[in-house]
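Engineer: structural data only, the sequence is not supplied:
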């Protein structure tokens, strides 16, 4: 048993999974992570995960986009090479709005998207750190660090009582593909 | 919460008995994990031939120049811009479904958003090819970018709607692509974890290493919501700016302030029609009847009536304002539109866009798959005519009667248009083969709350009022995918 690195509780139903989290927490078993095929609302609060700060990144990037667009247009049309177009002033602010808006959206989306990929360590070709292959399909997998919680029988009982359909004692952290 | 029960009065978004999370994955991945059937091969061959036609006709245009099109001195924009606006408009439904309906918490979007977003991307690609093709000297395309004067042109004129359009379309394409791909990552990971060998390696790269842990999902949802939030004004701005290509000019028939809302409504109208055209076939051929249900079809038809009616009101408003303006050029432009040599185009547009969608007021018609499909094609034809009418009838009789002409398309015009449809379907059919056409993770979210089986269970357990249960079971009547028992024999409804 001492070779076990992680204990995985497989649930078929997200509600059972939530019960599993509750009963483990009641018994002071720390939960390493939970892998699910779909987002489960309310699970972050249970696991004490802080709110994502991506919206702040999105706002800042959006603002950067607005400023970039405005500076670009101001520099080109007003400062660097003012032209008289239809007898109108070079600084025709209302005409600048569409491009400022588009670049706000573009910078906001891509800034946030890149921050999302970066913070989740997602990039093309990254080896997937997957504990169980069915966690992206139909199983809700609760992972417990077996070294930090060295009482596998108790954990197994708690998981079973919560409705786990399968319990695995893995000696490797991640499923290796090769 | 996944345990949240939805009101029994709402119609189910997933039908079928014994649907489990595993069955959702299995059903949706059928086309991805198996060899394509005959229907796919036939469709793909036809589409690929169309794409080939596009390649030939666009190469011909590039080689010999825009003179190969039917344009003349008076009509300088015709099928090219018609095609461009038509494709951009079609694209809009995808963003509307994925973004606007997400903000409004319309859960029925979950099973159609993926393919609608794919449709958006492919439609915008088709539109972009038109922009490049109509430039005449496409190798100068970079002149539209704000590059310093050493590159051959002055700084671009940011007062011009054509420059706004460059920014709008490219932002729209980029953001749609990001939104679509971010949503795809968890589903690609599902394919990866079920595949073997080379296929697993490919999907592993595409999945970016997604593992579905709590933090990833939390961030994923934050990203989805914000992308939806910024895509909503974006989609409105894109067609607004497309309409300003016309509206900021001083051509009678184009110079109208109604254009932005009218174009946006028309875009949503044509886009939903195209989604309907694609999905009615896809659900049958791929066996998605349990996920894209009659409720989805009916909801989309309702949006088609709404936007079709808005477009109808816009057409009438245009006529009224032209008369009311007292400007004789404006009045003549519209008189010529309605009764001039292009009367047939105007009345095709009116019939296809305003009159025929009104048939959807009849429940029999809007819940009939055959009728919905035929009407969706009719709407697409009508919307093509709308753009043709706006562009060609406003141009062909200008201020100088000696230069009045008709526009006759050349074979290249026709081939580029048919070819672009070929390109679109080639891309769409390839998408159906390699990526899940329904967002699996999002459909799984609905399984416990909004599926027929969950609601039937509530009824069996007697947790709902009898009258509500009967109402619910009655609403299943229209579903073609509910062939099992539609009524529960005398269950006990004692608890309420």
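Structural biologist: Right, received. Where do you want to start? Worth saying up front: this structure is predicted, and the values here are computed from it rather than measured.
Engineer: what helices and strands are in contact with the helix or strand where residue A:73 lies?
Structural biologist: Residue A:73 belongs to helix A:54-73 when assigned by DSSP states H and E. Counting contacts by 3 or more CB pairs under 8 Å, 6 or more residues apart in numbering or on different chains; DSSP states H and E, helix A:54-73 packs against helix A:93-119, helix B:214-247. For every residue, glycine as well, the C-beta is placed using N, CA and C.
Engineer: just the helices in the stretch 101-250 of chain B please.
Structural biologist: All helices of the stretch 101-250 of chain B, identified by DSSP state H, counting those that start in this stretch, fall at B:101-103, B:113-133, B:161-194, B:197-206, B:214-247.
Engineer: TSV for those, including mean pLDDT, distance to residue B:76 and mean neighbour count?
Structural biologist: Supplementary listing: the helices of the stretch 101-250 of chain B in TSV, determined by pLDDT from 0 to 100; distance: least, CB to CB, whole Å; neighbours: other CB atoms under 10 Å in any protein chain shown:
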stretch	mean pLDDT	distance to residue B:76	mean neighbour count
helix B:101-103	87	39	19
helix B:113-133	91	15	23
helix B:161-194	92	14	22
helix B:197-206	90	43	16
helix B:214-247	92	13	22
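Engineer: what's the closest of those to residue B:85?
Structural biologist: With respect to residue B:85, and counting by CB to CB, the nearest of the helices of the stretch 101-250 of chain B is helix B:214-247 at 5.9 Å.
Engineer: helices or strands up against whichever helix or strand comes after the closest one?
Structural biologist: Per DSSP H and E, the first helix or strand lying C-terminal to helix B:214-247 is helix B:259-285. Counting contacts by 3+ CB pairs under 8 Å, 6+ apart, helix B:259-285 packs against helix B:79-95, helix B:113-133, helix B:214-247, helix B:294-325, helix B:369-388.
Engineer: go through the last one and flag the buried ones.
Structural biologist: Counting neighbours by 16 or more other CB atoms under 10 Å in any protein chain shown, one finds that the buried residues in helix B:369-388 are B:369, B:371-376, B:378-388.
Engineer: hmm, back to that, what's the closest of the helices and strands packed on helix A:54-73 to residue B:439?
Structural biologist: Among the helices and strands packed on helix A:54-73, helix B:214-247 comes nearest to residue B:439, with 10.4 Å by CB to CB.
Engineer: quick one: the closest one to helix B:259-285, angle?
Structural biologist: Counting by axes from the mean of the first three to the mean of the last three CA atoms, to 10 degrees, helix B:214-247 lies at 130 degrees to helix B:259-285.
Engineer: just checking, residue A:85 touches residue B:159?
Structural biologist: Yes - using CB atoms under 8 Å as the test, residue A:85 is close enough to residue B:159 to be in contact (5.5 Å).
Engineer: so what sits against both of these two?
Structural biologist: Both residue A:85 and residue B:159 are contacted by residue A:92, under the criterion CB atoms under 8 Å, 6 or more residues apart in numbering or on different chains.
Engineer: higher neighbour count, those two?
Structural biologist: Between residue A:85 and residue B:159, residue B:159 has the larger neighbour count (other CB atoms under 10 Å in any protein chain shown), namely 19 against 15.
Engineer: which residue ranges form the strands in chain A?
Structural biologist: Along chain A, counting by DSSP state E, strands occupy A:6-11, A:33-35, A:140-145, A:166-170.
Engineer: show me how chain A divides into domains.
Structural biologist: Recorded structural domains for chain A (assignment: automatic domain parsing) are A:4-37+A:138-171, A:54-119.
Engineer: which residues touch the closest residue to chain A within the stretch 201-350 of chain B?
Structural biologist: At 3.3 Å from chain A, residue B:209 is the closest residue in the stretch 201-350 of chain B, using CB to the nearest CB. Neighbour list for residue B:209: A:121-123, A:125-129 [criterion: CB under 8 Å, 6+ apart].
Engineer: what sits closest to it if chain neighbours are left out?
Structural biologist: Excluding the flanking residues, the one nearest residue B:209 by CB to CB, 6 or more residues apart in numbering or on different chains is residue A:126, at 3.3 Å.
Engineer: pretty sure that neighbour contacts residue B:210?
Structural biologist: No - between residue A:126 and residue B:210 there is no contact under CB under 8 Å: 9.0 Å.
Engineer: tell me the pLDDT of the residue nearest the centre of chain A.
Structural biologist: Taking CA atoms, centre = their mean as the criterion, residue A:120 is the residue nearest the geometric centre of chain A, at 5.8 Å. For residue A:120, the pLDDT comes out at 89.
Engineer: burial of the residue nearest to residue B:174 when sequence neighbours are not counted, as a residue count?
Structural biologist: Computed as CB to CB, 6+ apart, the closest residue to residue B:174 that is not its neighbour in sequence is residue A:106, at 6.2 Å. Using other CB under 10 Å, residue A:106 has 24 neighbouring residues.
Engineer: of the buried residues of helix B:369-388, which are in range of chain A?
Structural biologist: Applying CB under 8 Å from any CB of the partner chain, the subset of these adjacent to chain A is empty.
Engineer: which stretch in the strands of chain A is the model least sure about?
Structural biologist: Looking at those, the bottom one is strand A:166-170 with a mean of 84.
Engineer: thinking again about what came up before, more neighbours: residue A:126 and residue B:210, which one.
Structural biologist: Shown here are residue A:126 and residue B:210; by other CB under 10 Å, residue B:210 has more neighbours (27 against 17).
Engineer: pretty sure the more buried one is touching residue B:187, no?
Structural biologist: No - look at residue B:210 against residue B:187 with CB under 8 Å: they stay out of range, at 9.2 Å.
Engineer: in a markdown table: the strands of chain A, plus mean neighbour count and distance to residue A:60.
Structural biologist: As requested, these are arranged in a markdown table below (neighbours: other CB atoms under 10 Å in any protein chain shown; distance: least, CB to CB, whole Å):
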| stretch | mean neighbour count | distance to residue A:60 |
| --- | --- | --- |
| strand A:6-11 | 23 | 37 |
| strand A:33-35 | 23 | 29 |
| strand A:140-145 | 24 | 34 |
| strand A:166-170 | 16 | 41 |
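Engineer: which one of those lies closest to residue B:413?
Structural biologist: The closest of the strands of chain A to residue B:413 is strand A:33-35. By CB to CB, the value is 54.0 Å.
Engineer: quick one: is that closest one near chain B?
Structural biologist: Yes - for strand A:33-35, a contact with chain B is found by CB under 8 Å from any CB, at A:33-35.
Engineer: so which other helices or strands are in contact with that strand?
Structural biologist: strand A:140-145, helix B:214-247.
Engineer: how about low-confidence regions in chain A?
Structural biologist: Chain A contains residues with pLDDT under 70 at A:1-2, A:176-178.
Engineer: same question, the stretch 351-496 of chain B
Structural biologist: By pLDDT under 70, the low-scoring segments of the stretch 351-496 of chain B are B:484-496.
Engineer: which bits of it sit near chain A?
Structural biologist: Counting by CB under 8 Å from any CB, the stretch 351-496 of chain B comes close to chain A at B:440-442, B:444-445, B:448.
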